[in-house]
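> make a model of this:
(chains A and B)
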Amino acid sequence: MAEELVPIQLIDEPEEALSPREQRLNRAARVLQWAAIAYGVLSALLIIIGVVAAVSANAGLFGTLQQILLMRYPGAPDSAVAVLVLLTQLNLSLLLVMMVGVLARELWAIPAMLILAIANGASILILGFTPAVIALVSIVWALVIIAPEIRAFRFNPVMLKELRGRMRGVRAFVVLTVYLGLMSAFMALLYLIALPANQISGSAAAGEIGRVLFAGVVGIELLLIIFIAPAFTAGAITGERERQTYDLLKTTLLPAPSFVLGKLESALSYVLLLLFAAIPLQSIAFLFGGVGELELVLAFIILLVTAITLGTVGIYFSTQASRTLSASVRAYSTTLVVTFAVPLILSIVLTIVTAPLRTLSPAVEAGLIYVDDFLRSMNPITAALFSRQQLVENQVLGFFSHTLASDGSTIPRVSPWITFTIIYLVAATVLVVLSVRRMRKVEA
Amino acid sequence: MADLIIETRELHKRFGKFEAVKSLSLQVPAGSIYGFVGPNGAGKTTTMRMLTTLTRPTSGQAKVAGYSVTEEPRQVRRAIGYMPDEFGVYDDMRAWEYLDFFAACYDIPEANRKKLIDDLLELVDLSHRRDDMVDKLSRGMKQRLSLARTLAHDPQILILDEPASGLDPRARVEIRELLVELAKMGKTIFFSSHILADVAEICTHIGIIEAGQIVAQGSMEEMRAQLNPHREIMVSVRDDDMAQKVKSLVAGMPDVIAVEVLEPKAGRSRIRIDFTGDDEGIAAINQKLLAEGVLLLGFTEETKDLESMFMRVTKGLVT
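Below you'll find the predicted structure:
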């Protein structure tokens, strides 16, 4: 037909009078959004103040900030500022997640908001984190607004539908079996390789075998997630278009955020299933020792955050493309460029170009270290490797001080997994919001 | 005239340089079964996509159930059930799950859904296939399931794009009966077809579209009257001389508008008489011809069906 020859243009759906329920949900979401923005502004201010204070060597400023914003924190003033930045950004990303959850009327949004409020309350009591008041007030406010519409919150119908399709029959069972079989074979191989190398030194080497096995499983899982998470979601919207069900869904009253989140949740729950199924394999490493529970938790967080963000990358490109294939290609190439190519090239360039500058002044050295840390946090693999290194070698899970080579002063640094988590969660929320916006458009 | 439930005014839709719909003005009364007929590519689907808020008109207005499709799309969606010309079914689901999903999309509380699904399946006669996978259903069954889906939120209007296309004759009849039943339940049914026979049997109203424009619309009676202002009598006689005689005899009679000698067919000469009178008048013509010694081989009134109406109003611009 002639209609298909002309590229389809999209325009925004008109604003229309919302139903009372939608008005309430929108208002609650807006409260959370403004709270998130407040945290964004606060953390930006903190970073600027931090840089200014570092350059002008005005350590008193840090102390003042600590006094006002984080008075019960036992550590040094400079690391207090780092903690402040992290807490504000954590609140920023989690509040945005809550906002999307409220808009999509997700059942998990309500307990999640309660937990976030409790965590913020605890941070006031334990650390004296006064900005937590913003989160507390906004969450309570939002909960009060949505309280009359509590029945509107429900299991996501799209997620339910997807899971029904995906988990039915032998296919899901076969995929899981093959996956576990391959993982087991890989473990056995790693064991056989690690065994002779560590045999000489006796019992002390058992821990080394455990570490190799653990790192091997987590590494494989990470690669797996990097490859399957975008693939699972790249067909989310294009698949509906290809099946010609997209128009049907658009004529229903299903809100766009519900659709996007439902697709994301169903993909994530499958990824989670794979991760949980491999936990017995991971725990073989504990038989050998050498791996702590913290490492296990850390590995799990990194895997989960990677899955969430790469899943949203897939969804985002699925809303942009007209075919699943081109959505997948774009999702993969963007992922590779942003998480591998750019950080790799930048860090190589930085190392070469800035080598002579490193010891020039403490401020420059500190800045370069932070840029390096940031680049590391952009990629799940480097984030995992360096976080593990800090944990295993220096017993550092969160913050540590770094002594500058130029003048021997110390600066606070943070284990990359924390910055990684924040960057990735913020990116995921932004992509979800963009996808929703795109889905709301109609053909002009 | 009854309340209009779908009304468009000067509706235009342009794709690039191609004008799919040109100043279309539709009037669909509430409670009617409205057949939207036209050749393939006439703009039926584009019109339906505008009415279902899937694509925005380039200009003009359209109101569905009193709501503007451009300004209050959500209210429009609440009021309509839409079935596109493709099935739009998910293969990896059971029949009841399919309905359950769409009921959930329309915010129907879970507690009410089981009964709703049972009722819908009962209505479209698929109760016995409740737990079957959708891809195991026949084409006709899928179409009925699809129809059940459009009813999930109890809409006032059903907008169905080619509901009977690609179905075998039996399934076609079943769908048709279902539509009549739904109309009895008080739904307005607006459906498109390029096959007139589908439309003629069940419609109360009809609109004919060609090349993006409405060429005729109204209730079936109005359409018949509009398209058939006079009756046609076909007379066949043995040869041309006789035909000329008939012509001269009939021409002066009351209520006769025109008499035309047609091309001979199968060795017989034929005369068409356009006539506006009643049955008595027809009998009078017959009597007069017999009285004047015309040897009549045939004397019949042509009943014009929709097909010929259709052929007459559409100019065959689009095929």
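> CA atoms for contacts and neighbours, from now on please.
Fine.
> is the helix or strand A:Leu160 falls within in proximity to chain B?
Per DSSP states H and E: A:Leu160 is located in helix A:157-166. Yes - using CA under 8 Å from any CA of the partner chain, helix A:157-166 reaches chain B at A:Pro157, A:Val158, A:Lys161, A:Arg164, A:Gly165.
> by pLDDT, give me the weakest of those.
Within the residues of helix A:157-166 next to chain B, A:Gly165 has the lowest pLDDT, namely 83.
> and for it, the neighbour number?
17 (other CA atoms under 10 Å in any protein chain shown).
> name the nearest residue to the residue in the stretch 101-250 of chain A that chain B sits nearest to, sequence neighbours excluded.
Of all residues in the stretch 101-250 of chain A, the one sitting closest to chain B is A:Thr245 (4.7 Å; CA to the nearest CA). Spatial nearest neighbour of A:Thr245, chain neighbours left out: B:Gly88 (4.7 Å); criterion: CA to CA, 6 or more residues apart in numbering or on different chains.
> and that neighbour, what does it touch?
A:Arg243, A:Gln244, A:Thr245, A:Leu248, B:Ser146 (CA atoms under 8 Å, 6 or more residues apart in numbering or on different chains).
> give me the pLDDT value at it.
At B:Gly88, the predicted lDDT confidence score is 73.
> so where's the stretch 251-400 of chain A uncertain?
Residues of the stretch 251-400 of chain A meeting the criterion pLDDT under 70: A:358-359.
> please redo it, this time with the cut-off set to 90
A:253-258, A:267-268, A:270-301, A:320-323, A:335-379, A:381-400 (pLDDT under 90).
> for it, which residue gets nearest to chain B?
Residue nearest to chain B within the stretch 251-400 of chain A: A:Leu254 (4.8 Å; CA to the nearest CA).
> tell me, how many residues neighbour the nearest residue to that residue once chain neighbours are set aside?
Leaving aside its chain neighbours, A:Leu254 sits nearest to B:Cys105 (4.8 Å; criterion: CA to CA, 6+ apart). B:Cys105 has 22 neighbours, counted by other CA under 10 Å.
> kindly report the same for A:Gly181.
Quick note: A:Gly181 (other CA under 10 Å) scores 12 neighbours.
> ditto for A:Arg437
15.
> and the end-to-end length of stretch A:336-344?
11 Å (CA to CA, to the nearest Å).
> which residues sit against that stretch?
A:Leu375, A:Arg376, A:Met378, A:Asn379, A:Pro380.
> for it, buried residues please.
A:Thr339, A:Phe340, A:Pro343, A:Leu344 (16 or more other CA atoms under 10 Å in any protein chain shown).
> circling back to that earlier point, is it true that the residue nearest to A:Leu254 touches A:Leu253?
Yes - with contacts counted by CA atoms under 8 Å, B:Cys105 reaches A:Leu253, the gap being 6.0 Å.
> need the longest strand for chain B.
Counting residues, the longest strand in chain B under DSSP state E turns out to be strand B:4-15.
> mind listing what B:Asp154 touches?
So B:Asp154 contacts nothing (CA under 8 Å, 6+ apart).
> SS state for it?
With DSSP: H, G, I helix; E, B strand; the rest coil as the basis, B:Asp154 sits in coil.
> surely A:Ile124 touches A:Ala135?
No - in this structure, A:Ile124 is not within contact of A:Ala135 by CA under 8 Å, at 11.1 Å.
> higher neighbour count, those two?
A:Ala135 (27 against 19).
> ramachandran angles for that one?
With angles defined as degrees, to the nearest 10, A:Ala135 sits at phi -60, psi -50.
> is it in contact with A:Leu92, as I believe?
No - in this structure, A:Ala135 is not within contact of A:Leu92 by CA under 8 Å, at 9.1 Å.
> which neighbours do those two share?
Joint contacts of A:Ala135 and A:Leu92 (CA under 8 Å, 6+ apart) are A:Ala35.
> what's the residue nearest to A:Ala234 when sequence neighbours are not counted sitting at in phi/psi?
If the residues on either side of it in the chain are set aside, A:Ala234 comes closest to A:Gly314, at 4.2 Å by CA to CA, 6+ apart. Here the main-chain torsion angles of A:Gly314 (degrees, to the nearest 10) amount to phi -60, psi -50.
> which ones are touching B:Thr276?
Residues in contact with B:Thr276 (CA under 8 Å, 6+ apart) are B:Pro229, B:His230, B:Arg231, B:Asp255, B:Val256, B:Ile257.
> which of those count as buried?
B:His230, B:Arg231, B:Val256.
> so which residues of the stretch 1-150 of chain A form helices?
Using DSSP state H, counting those that start in this stretch, the helices found in the stretch 1-150 of chain A span residues A:20-55, A:59-69, A:77-103, A:109-127, A:132-146.
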